[in-house]
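[1] Provide a 3D model corresponding to the input given below.
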Amino acid sequence: MVNLIEGPGNLLESGGQACSTELRDLLQELLGGPGATGRLIARQRLAPRVHRLRFKVNDRVLSLVVKRLDPGVAQRSQLITKRWLPATGLSQSGPHLMGVAAERSGECIWHVYEDFGDWMLDECAPDRSRV
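    Below is the predicted model of the structure:
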């Protein structure tokens, strides 16, 4: 089984956010299901509600970006990635939304994206080839 907990702390403890059962279940599914073996090897807080998680699973490293979103923002983000970008032929313009986990309380929605790495544009001097 994939060990989503590193030591006694919470998976997202660096951001002061609890990791819901729904998010844990989604990550377990995305990382290979109950038969996969592995562990969390790194976590990085990218923004207040955004984390990069790296797992070593079955002798390979997988990196995911996890976002905690308000329900309205989550719905719009999902529409962008699943409907609007593909409709315009731009589905490859951003990271793939791999899964969605809604907390039972309805307070937030977790989105899990493939990790494109550090591909942010420099707002002061954008590289035209990367744009």
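
[2] any weak-confidence spans in the protein?
    Flagging of the chain using pLDDT under 70 yields the residue ranges 1-19, 118-131.

[3] ranges for the helices of it?
    In the chain, the segments counted as helices under DSSP state H are 21-30, 71-79, 85-87.

[4] right, so of those helices, which gets closest to Asn58?
    Ranking the helices of the chain by proximity to Asn58 (CB to CB) places helix 21-30 first, at 13.1 Å. For glycine as for every other residue, the C-beta is placed from the backbone atoms N, C-alpha and C.

[5] Other residues contacting stretch 102-109?
    20, 22-23, 68-71, 74-75, 100-101, 110 (CB atoms under 8 Å, 6 or more residues apart in numbering).

[6] Straight-line length of it, end to end?
    Between the opening and closing residues of stretch 102-109 there is a gap of 4 Å (CA to CA, to the nearest Å).

[7] Work out the gap between that stretch and the centre of the chain.
    Centroid separation between stretch 102-109 and its chain, computed with CA atoms, centre = their mean, to the nearest Å, is 16 Å.

[8] Buried residues, it. List them.
    Buried residues in stretch 102-109, counting neighbours by 16 or more other CB atoms under 10 Å, are found at 102-103, 108-109.

[9] Any chance of the contacts of stretch 102-109 in a markdown table with distance to Ala42 and neighbour count as columns?
    Shown next, in a markdown table, are the contacts of stretch 102-109 (distance: CB to CB, whole Å; neighbours: other CB atoms under 10 Å):
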| residue | distance to Ala42 | neighbour count |
| --- | --- | --- |
| Ser20 | 21 | 20 |
| Glu22 | 23 | 17 |
| Leu23 | 17 | 26 |
| Arg68 | 19 | 24 |
| Leu69 | 23 | 18 |
| Asp70 | 27 | 12 |
| Pro71 | 29 | 13 |
| Ala74 | 25 | 18 |
| Gln75 | 30 | 13 |
| Val100 | 23 | 18 |
| Ala101 | 21 | 19 |
| Trp110 | 19 | 24 |
